[in-house]
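**Q** Show me how the following folds:
(one chain, ligands or ions: 2)
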Amino acid sequence: MAIIGIDLGTTNSLVCVCQDGQVRLVPNSLGQVLTPSVVNVEANGEICVGAVAKERLVTHPSDTAASFKRYMGTEKVFTLAKRSFTPQELSSFVLRQLKEDAERFLGEEVTEAVISVPAYFNDHQRYATREAGRLAGMQVERLINEPSAAALAASRLSGQEEGSYLVFDLGGGTLDVSVVDYFENVIEIIAVSGDNHLGGNDFDEVIARRYCEAVGIIYEELEEHEKASLLRLSEKCKKELTARKEAVLIFGPEGQAFTFTNMLLAESCQNLFDRISQAIKNVLRDSRRTIDEIDEVVLVGGSSRMPVIFLFLQTFLGKSPCMIGSPDEIVAAGVGTYAGIKERKQEIRDLVLTDSCPFTLGTNVANHSDHARPIMSPIIERNSILPSSKIGYYTNAYDGQSHISIGIYQGESYYCEDNIELGKIEMDILPVRKGEAMIEVRFTYDINGILEVEVTDRYQNKTERAVVTSRNFRLSEQELEQRLKELNTYKLASSGGIRTRLVLARGERLFAQLLGDERREIVEVMQRLEKIMNEQNDQKIANSLREAEAVFDRLEGLEP
Ligand code: ADP
Ligand code: MG
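**A** Residues are numbered from 1 along each chain as shown. Ligands and ions are numbered 1, 2, ... in the order given. All right, here's what the predicted structure looks like:
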């Protein structure tokens, strides 16, 4: 039975499988390995994930969501096409799409997955990720930390089995920098740092603002849709600068051109580089390492492709980063490698020492001077090494007490009310005299950073397991089944005709963004295409699609 590896990214997601010991990235129905983490819901309840949804972000903003990974483990609710979804439900659609792509690629059903998560993800965020997997109809075998996956892939691909890595992951909206050791089948995250609001998007914005400055437009005064289209063009310009020395940005009805070079980009991004250097300094300080003690600097994330990033790191660190394969594929390759190891029933331990247990976990005990304010009784203390399983021993507070309520708290405060309540276990106990009950509370915090709580009444030898009832974040097994059924009524758009749908969605987006003659040209192309689609002649449709794509590329200023 195949286990697939998934990089569930904020901007893009990928799925990877291991076949005959070979790691393979799975192409989606458009033939691309990167699937934008964007979900669109149609009025009829059809779900569309990826490139088509990304186009609809502009044309149908109230039916489309992106960047929902940022809200995993929170109570945020997204309303799309008048229906409500949690972040993990939106993620489950992305996962379902990736699962389908993998099934088509492998020719067999897939029921198990390994999914990567940021190293700093807390208990709620990890739980939400697992729930997303379940809602997509998969058992999540394991969560693996993104920097661990990157280090694993780097070690395999570079042929060096072991070492100390500095993983530099610059994605669409986030920067994660980690020091990771990989020795003797243990991947240990020594320190993590980063900036939750620094990524490729910020470089796009710098380009957009620099352009406005140069041609005398006031960026702040642009309308939302104008900003959106300028940012799109800026991203395009940024990507061109990765491949060439210069790129020209042309925007607006007057279409003034401005030429960017990497030199100009670097000058304009000083403030972003300062924030990047701060994150690197922090991670080296926390890991108590110098750069000389790092064997390899691994570039991860689409934005690490930028030459200005490479040069900056080389100068700042005095060491050349290594670019193994494509930086935006490396986490997925690592997760796929790990899934393969899992399939062979081998084990690599993935530890997060610094970050996965940053808070104390404990329960409530009676406060004899103020019954309304129970006191925190720590069970697993902060910075405990994982996995950790600890037992706290408790007893009853009064004669004949027949019920106990075991709260599960996270935090460092003396009073429970000042800590975060993660859940609660209610249990009937055997009524005995005060102080005679023997209640054991076991907290197990596993290497995935997931907490399980078990309460045992030794007199009855009765155990309640932690179905954590914090309704805000977690579903019970029953609720999960119920929600799974409901979500299954949403169908993913079929992969047939995906290219046509992408062209139509793109046409709609360009229509919204452009004006005048260009709009008329779009209408003509779209009408022709729709007419030909009715004739159902595959050859003609293919020609017409090519024609439309060529026109759209030209209107968007994309080189052929
Ligand atoms: P995430 O981890 O956030 O899901 P990715 O690692 O896929 O995201 O990175 C997406 C970012 O990478 C986007 O901001 C995109 O503009 C940027 N990017 C992708 N390709 C290039 C390129 N060739 N040059 C510069 N930036 C790129
Ligand atoms: Mg990523």
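
**Q** what residues does stretch 477-492 touch?
**A** The contact list for stretch 477-492 (Cβ atoms under 8 Å, 6 or more residues apart in numbering) reads 41, 45-49, 89, 92-93, 96-97, 100, 131, 134-135, 137, 467, 475. For glycine as for every other residue, the C-beta is placed from the backbone atoms N, C-alpha and C.

**Q** and if we set it to 7 Å?
**A** Applying Cβ atoms under 7 Å, 6 or more residues apart in numbering, the contact partners of stretch 477-492 are 45-47, 49, 89, 92, 96-97, 100, 131, 134-135, 475.

**Q** Likewise for stretch 283-292?
**A** Residues from elsewhere that reach stretch 283-292, judged by Cβ under 7 Å, 6+ apart: 177-179, 190-193, 317-319, 354.

**Q** Scan those residues and report the most crowded one.
**A** Among those, Ser178 has the most neighbours (other Cβ atoms under 10 Å), with 31 neighbours.

**Q** and that residue, what does it touch?
**A** For Ser178, the contact set (Cβ under 7 Å, 6+ apart) comprises 119, 147, 167, 189, 191-192, 283.

**Q** Could you find the closest non-adjacent residue to the closest residue to ligand 2 within the stretch 1-150 of the chain?
**A** Relative to ligand 2, the nearest point of the stretch 1-150 of the chain is Gly9 (4.0 Å; Cβ to the ion). Leaving aside its chain neighbours, Gly9 sits nearest to Ser37 (5.8 Å; criterion: Cβ to Cβ, 6 or more residues apart in numbering).

**Q** Following element in sequence after the helix or strand bottoming out on mean pLDDT in the chain, please.
**A** Taking mean pLDDT, DSSP states H and E as the measure, the chain has strand 349-352 as its least confident helix or strand, at a mean of 68. Sequence-wise, the next helix or strand downstream of strand 349-352 (DSSP states H and E) is strand 361-365.

**Q** I'd like the average pLDDT over that following strand.
**A** Strand 361-365 comes out with an average pLDDT of 93.

**Q** How far does that strand sit from its chain's centre?
**A** The chain centroid and the centroid of strand 361-365 are separated by 31 Å under Cα atoms, centre = their mean, to the nearest Å.

**Q** ok, which residues in the stretch 151-300 of the chain are in contact with ligand 1?
**A** Counting by Cβ under 6 Å from any ligand atom, the stretch 151-300 of the chain comes close to ligand 1 at 171-174, 199-201, 235, 238-239, 242.

**Q** give the contact list for Pro307.
**A** 242, 262.

**Q** show me the contacts for the closest residue to ligand 1 within the stretch 51-200 of the chain.
**A** Residue nearest to ligand 1 within the stretch 51-200 of the chain: Gly200 (2.0 Å; Cβ to the nearest ligand atom). Contacts for Gly200 (Cβ under 7 Å, 6+ apart) come out as 171-172, 302-303.

**Q** picking that back up, the residue of the stretch 1-150 of the chain closest to ligand 2 touches Gly171, doesn't it?
**A** Yes. Contact status for Gly9 versus Gly171: in contact at 6.3 Å, counting by Cβ atoms under 7 Å.

**Q** Residues of this structure that sit close to ligand 2?
**A** Counting by Cβ under 5 Å from the ion, the chain comes close to ligand 2 at 9, 171.

**Q** Let me see the domain layout of the chain.
**A** Segmentation of the chain into domains, based on automatic domain parsing, reads 361-446, 514-555.

**Q** Can you tell me which of the ones you listed is most buried?
**A** Mean neighbour count (mean count of other Cβ atoms under 10 Å) peaks for domain 361-446 among the domains of the chain, with a mean of 16.

**Q** from what I can see Asp446 touches Pro387, true?
**A** Yes. Assessed by Cβ under 7 Å, Asp446 is found in contact with Pro387 at 4.9 Å.

**Q** Show me the contacts of stretch 477-492 that map onto strands.
**A** Among the contacts of stretch 477-492, the members falling in strands (DSSP state E) are 47, 49.

**Q** Pick out the lowest-pLDDT one from the contacts of stretch 477-492.
**A** Leu475 (66).

**Q** ok, back up a step: the residue of the stretch 51-200 of the chain closest to ligand 1 and Ala149, how far apart?
**A** Gly200 sits 20 Å away from Ala149, going by Cβ to Cβ, to the nearest Å.

**Q** ok, back up a step: a markdown table for the contacts of stretch 283-292, including secondary structure, distance to Lys462 and pLDDT?
**A** What follows is those, written out as a markdown table (DSSP: H, G, I helix; E, B strand; the rest coil; distance: Cβ to Cβ, whole Å; pLDDT from 0 to 100):
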| residue | secondary structure | distance to Lys462 | pLDDT |
| --- | --- | --- | --- |
| Val177 | strand | 47 | 95 |
| Ser178 | strand | 43 | 94 |
| Val179 | strand | 45 | 94 |
| Ile190 | strand | 42 | 87 |
| Ala191 | strand | 43 | 84 |
| Val192 | strand | 40 | 85 |
| Ser193 | strand | 45 | 86 |
| Leu317 | helix | 57 | 96 |
| Gly318 | coil | 62 | 94 |
| Lys319 | coil | 59 | 93 |
| Thr354 | coil | 38 | 40 |
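
**Q** now the stretch 151-300 of the chain, which segments are flagged as low pLDDT?
**A** Along the stretch 151-300 of the chain, the model assigns pLDDT under 70 to no residue.

**Q** Sorry, slip of the keys, the one I care about is the stretch 451-560 of the chain.
**A** Residue ranges of the stretch 451-560 of the chain with pLDDT under 70: 467-475, 558-560.

**Q** which among the contacts of stretch 283-292 gets closest to Met72?
**A** Met72 has its nearest neighbour among the contacts of stretch 283-292 in Val192, at 17.0 Å by Cβ to Cβ.

**Q** surely that closest one meets Pro118?
**A** No. Counting by Cβ under 7 Å, Pro118 is not a contact partner of Val192; they are 8.2 Å apart.

**Q** okay, and the common contacts of the two?
**A** Counting by Cβ under 7 Å, 6+ apart, the contacts common to Val192 and Pro118 are Asp176.

**Q** which non-adjacent residue is nearest the residue of the chain most remote from its centre?
**A** Residue farthest from the centre of the chain, counting by Cα atoms, centre = their mean, is Arg433 at 51.5 Å. Closest residue to Arg433 apart from its sequence neighbours, by Cβ to Cβ, 6+ apart: Asp399 at 5.3 Å.

**Q** State the distance from the one you found to Glu481.
**A** For Asp399, the distance to Glu481 - Cβ to Cβ - is 41 Å.

**Q** Same question for Ile115.
**A** Distance from Ile115 to Glu481, by Cβ to Cβ: 20 Å.

**Q** When these two are compared, which one has more neighbours?
**A** A direct count of neighbours by other Cβ under 10 Å for Ile115 and Glu481 places Ile115 higher, at 29 against 12.

**Q** The closest residue to Pro374 other than its chain neighbours: what's it in contact with?
**A** Using Cβ to Cβ, 6+ apart and skipping the chain neighbours, the partner closest in space to Pro374 is Asn364 (3.9 Å). Contact analysis of Asn364 by Cβ under 7 Å, 6+ apart lists 374, 376-377, 407, 409, 416.

**Q** what's across from Asn364 in the sheet?
**A** Taking DSSP bridges as the rule, Asn364 bridges to Met376.

**Q** how far out from the middle of the chain is the helix or strand containing Asp181?
**A** Applying DSSP H and E as the criterion places Asp181 in strand 175-183. How far strand 175-183 lies from its chain's middle: 17 Å, per Cα atoms, centre = their mean.

**Q** Show me what that strand pairs with in its sheet, parallel or antiparallel.
**A** strand 163-170 (antiparallel), strand 186-195 (antiparallel).

**Q** Many thanks, we can stop here.
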